[in-house]
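**Student:** Everything below, folded, please.
(3 chains)
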Amino acid sequence: MSPASSTRVGAGAAGDVGAPGAPSSPLLQVRDLNLDLGDHGVPILRDVELTLDPGEALGVVGESGSGKSMTLKCIARLTPPRAIVRGEVLVDGVDVNRLRGKSLRRYRQSQVGYVFQDPRAAINPMHTIGTFLLEAARDRGEDVTAAREQATSILASMGITDPERRMRQYPFEFSGGLLQRVMIASVLMAQPRLLLADEPTTALDVTTQAEVLALTDRLRRDRGLAMIFVTHDLDLAMAVCRRIVVLYAGRVLEVADAGTLQTAPVHPYTRGLLASRPPLETKLPQIPVVPGTPVSAAQAGPGCPFATRCPVRLPQCAEQRPPLLLQGRSRVSCHRAEEIAAGALDGVLPLTHRPAQGGGTGA
Amino acid sequence: MTAPAVDPDLVAAAPTGVRPARPRRSLNLGPTAALALGVLVAVTLLAALAPMVAPGDPNSADLLATFTGPSPAHWLGADATGRDIASRLIYGARTSLIGPAVIVTLSLVVSLPLAMAAAWHGGVIAFLINRVLDIIFSVPGLLLAILTVSLFGPGLWPAVISLAVAYLPYVARLTMAAAEHERRLPYIDALSVQGQSVTRIISFHLLRNLAPVIAGQATITFAYALIDLASLSFLGLAVQAPTADWGVMMSDRDAVLQGHPGQVIAAGTLVVATVLSLFVLGSRLSGDRPTPRGILRLLLRRRAQQAGQR
Amino acid sequence: MSTDRPVVRVEHLVKRYGSVEHGHTAVNDVSFSLGEGRTIALVGESGAGKSTVGTILTGLQAATSGRVEVCGEDRSRLAHSARLRRHRGSQLQIVAQDPFTSLDPRQRIGAAIAEAVGLHTPLRQQARRERVLELLDAVGLSPTHADVTPRALSGGQRQRVAIARALAAQPRVIVLDEAVSALDVSVQAQILNLLNDLRARTGVAYVFITHDLGVVRQIADEVIVLRHGRIVEQGTLEEVLDSPSEPYTRRLIASTPRPGWTPASAEVA
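**Tutor:** Presented below is the predicted three-dimensional model:
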């Protein structure tokens, strides 16, 4: 380990480097989003920035306290009471934070769809699935017969057999996986442009998770829907998203393409996260760990929030917050990004402990 | 590729989020609940120290002072028979508070074991306990009190006992629900697997964790009992006329008709202040934030219960 | 499969809720045995019956039929005396899934562990306190943790406490019921390493209940795949994960996310 000569990486290139080769203007831009909650202003999010092109899938990955779900709630304007939101959430150039009354309702009705983690908690158990699916159309005063036809066809396209009968049933007659499909169908009914999915498969079994994700992915592509997929599982995010944002303690630590993240993650936290996932293929004598426990934005110091747990921290890390800068093909917030990218620290920060062969479909 | 062997001790060396603080002992009430607590402490002190704080004897009639307004001799004036209103209010606190206290204690003493038994064993035992409670539920509290009074004659104790019986199912149901929830938590299972005795699990772990909820509910029940007893005294069914009691004082219709509502208003104000303080403190103790709306709901819930009983 | 004298032996275990016609069979004819210092993983999706097997092992629930032996002693029926429960506790302990509800919220960590130590050892106060510190150290916590309530601890730290409390009884077997599932990935790895380390040091055996095959790979010697209460496949870790014979096992494996995985690749299997 040589003491780092910390040269600032391309300080001029701090501009918008999000997605290479995206011709159209972004659908969603989140700039300097800050969120504080409660009477005493507990910090939750700090300077979060995201961009999302139409039809793109973006993964937001983080552990507990990272603020991943709250980021999503800010985009949907579902922040809890006494929340202080600063910064911009631009959808098609319109700041969502300024929407009030009717325009806010219209935004939620037609622009965004929200898929919650636990469908059983998010769907009223006292109404039939049909009532649930047609509620929005009724609310908008649309033709219910047409909406019913649409609902049936969406359910059918989600692999639900006999959708007419299913629409007359109640949520308790559905398994978790089926109910999550119903929730996704209800979101698709409104034909939004942006799908916000908050750990949509965490409550599901693995086999069901794979099915639901495959379906969602297909439907999303068919309809040109953009999606933000919030999850704690980096592998899962890389499987369904083109680009990944890694959040920690309410801050963005790294943004990269899924492929880049898999082969050449830069931030020590991202590397730790990838390495500490117990691999399916090989038994390790010792699983590499990130020491300590995740912190929240409120517990983070003035410097890099990961400094307390970082195996390659420098004295300056706890004091000075590194800016989010382009390093190779990722944007990283780390004082030692350049060294890491050059492979100088691979001894301490293993790239990955798994065999490098891609696509372990197996079986 | 070598995995960085991380010493488990290193993990413990940086225990983030560990506040070496002891468990919070202070209640940290907030201004509203602190004020409520202040009111209750004051009322309780008045009752306890009545012989020392009261300016005079609550029952000695000063016929020259009949219906006089506030004066140095009688701070709050005197009533129809010239008794000192301030002294009567202070002594009245005793009778007005002792009744609800006994009611709450009795219903807790009976309902806690029932609730614990039902929560712990479930099944047939819980079923039987619940059905018995249902039967008691079906008898309206005030009606039971009136019935008792008609059998044993009016007085504080028949009213207190019948209200204690009437309150039993409310207290028992709430405790039971809380205990059933707590009993299902894995830490109780873990203690059972350890081989800990049921009595210790219940008394040391379960009850201790339920204490805030029980305290909150008991406080609110105290308020309801205060209202009910005052109503009964007002109707002349509980505490009897010469005894100083807020309910009795409120029922002095003659004074109002003769244009001297002073003692009625004073007693009524004390009842309202005490009840509101109990509601505020009770909801704070059970973990809610006491809001005007929440307090109103407590009052209305009571009204709804009584309406449902009729 | 196991060594000479198994610490856990389960034979034709059945657990049914409700009546025979209208009831629900949560566990149906499950048999396995677990040797000293070994780890058997019970794998399956929700409703597979894996947790039910766990609670029957702990004696919190009675079996409908079949035989459950821990250290040679029958456990298919409930223990009603505290003495018998204590005796059972010194053989088998449990660590539950949710670190936020598996500890008494008002009891300090030191007191919680001391309580468990007191139940199973005749140690006097001073020796008991030393044993508590020993146990805290064994699970990677510092002595200062003894004075805090669970409120002050993170999920991973609480799970360490739960493990320390289980170890206090010096059990031969610990049932780990989804014990690492609720933890963050970076913390999960710490606990898995700790569990492997403790097993090597103390020779305790684990019944490891989980739905995560990656975790199974890291900790188990033997694997049982359950579905709807029945055993689908049973064998050594390598047999089940590397050359599964049942289509359902293959589907489980194919559905598990890993680098290079896509949801579509699960459908191929």
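
**Student:** can you tell if the longest helix along chain A touches chain C?
**Tutor:** The residue-count maximum for a helix in chain A (DSSP state H) belongs to helix A:206-223. Yes. Helix A:206-223 is in contact with chain C by CB under 8 Å from any CB of the partner chain, via A:206-211, A:213-214, A:217. In this view, the C-beta of every residue, glycine as well, is placed from N, C-alpha and C.

**Student:** from those residues, which is closest to chain B?
**Tutor:** Each of the residues of helix A:206-223 next to chain C was checked against chain B using CB to the nearest CB; the closest is residue A:206, at 23.6 Å.

**Student:** Including distance to residue A:73, pLDDT and neighbour count, could the residues of helix A:206-223 next to chain C go into CSV?
**Tutor:** Output for these, formatted as CSV (distance: CB to CB, whole Å; pLDDT from 0 to 100; neighbours: other CB atoms under 10 Å in any protein chain shown):
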residue, distance to residue A:73, pLDDT, neighbour count
A:206, 27, 87, 20
A:207, 29, 86, 18
A:208, 25, 85, 20
A:209, 23, 88, 24
A:210, 27, 89, 28
A:211, 27, 86, 22
A:213, 22, 89, 24
A:214, 27, 89, 19
A:217, 23, 88, 19
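
**Student:** Now do whichever helix or strand comes after the longest helix of chain A against helix A:206-223, angle only.
**Tutor:** Where DSSP states H and E defines the elements, the next helix or strand beyond helix A:206-223 is strand A:226-231. Counting by axes from the mean of the first three to the mean of the last three CA atoms, to 10 degrees, strand A:226-231 lies at 160 degrees to helix A:206-223.

**Student:** Straight-line length of stretch C:229-248, end to end?
**Tutor:** 14 Å (CA to CA, to the nearest Å).

**Student:** Which positions in that stretch come out as buried?
**Tutor:** C:229, C:231-235, C:237, C:239-241, C:244, C:248 (16 or more other CB atoms under 10 Å in any protein chain shown).

**Student:** so of the residues you listed, which ones are in strands?
**Tutor:** C:231-235 (DSSP state E).

**Student:** ok, so of the residues you listed, who is nearest residue B:211?
**Tutor:** Nearest to residue B:211, judged by CB to CB, of these is residue C:231 at 45.7 Å.

**Student:** just checking, that closest one touches residue C:30?
**Tutor:** Yes. Using CB atoms under 8 Å, residue C:231 is in contact with residue C:30, at 5.8 Å.

**Student:** residue in chain C nearest to chain B?
**Tutor:** Closest to chain B within chain C is residue C:86: 2.9 Å, counting by CB to the nearest CB.

**Student:** Quick one, grab the pLDDT at residue 20.
**Tutor:** You didn't pick a chain, so chain A it is. pLDDT for residue A:20: 45.

**Student:** My question was about chain C, not that one.
**Tutor:** Listed pLDDT for residue C:20 reads 77.

**Student:** Would you quantify the distance from it to chain A?
**Tutor:** Separation of residue C:20 from chain A (CB to the nearest CB, to the nearest Å): 24 Å.

**Student:** burial count for residue 181?
**Tutor:** Because you didn't say which chain, this covers chain A. Using other CB atoms under 10 Å in any protein chain shown, residue A:181 has 23 other residues around it.

**Student:** not what I meant, chain C
**Tutor:** For residue C:181, using other CB under 10 Å, the count is 15.

**Student:** for it, helix, strand, or coil?
**Tutor:** Under DSSP: H, G, I helix; E, B strand; the rest coil, residue C:181 falls in the coil class.

**Student:** tell me the contacts of the closest residue in space to it that isn't next to it in sequence?
**Tutor:** Of all residues not flanking residue C:181 in the chain, residue C:97 sits nearest, at 5.7 Å (CB to CB, 6 or more residues apart in numbering or on different chains). Residue C:97 is in contact with B:186, C:177-179, C:181-182, counting by CB atoms under 8 Å, 6 or more residues apart in numbering or on different chains.

**Student:** Looking at neighbours, which among the residues you listed is most surrounded?
**Tutor:** Per-residue neighbour counts (other CB under 10 Å) across the contacts of residue C:97 peak at residue C:179, which has 29 neighbours.

**Student:** element containing the residue nearest to the spatial centre of chain C?
**Tutor:** Taking CA atoms, centre = their mean, the centroid of chain C lies closest to residue C:176, which sits 1.7 Å from it. Using DSSP H and E, residue C:176 falls within strand C:173-177.
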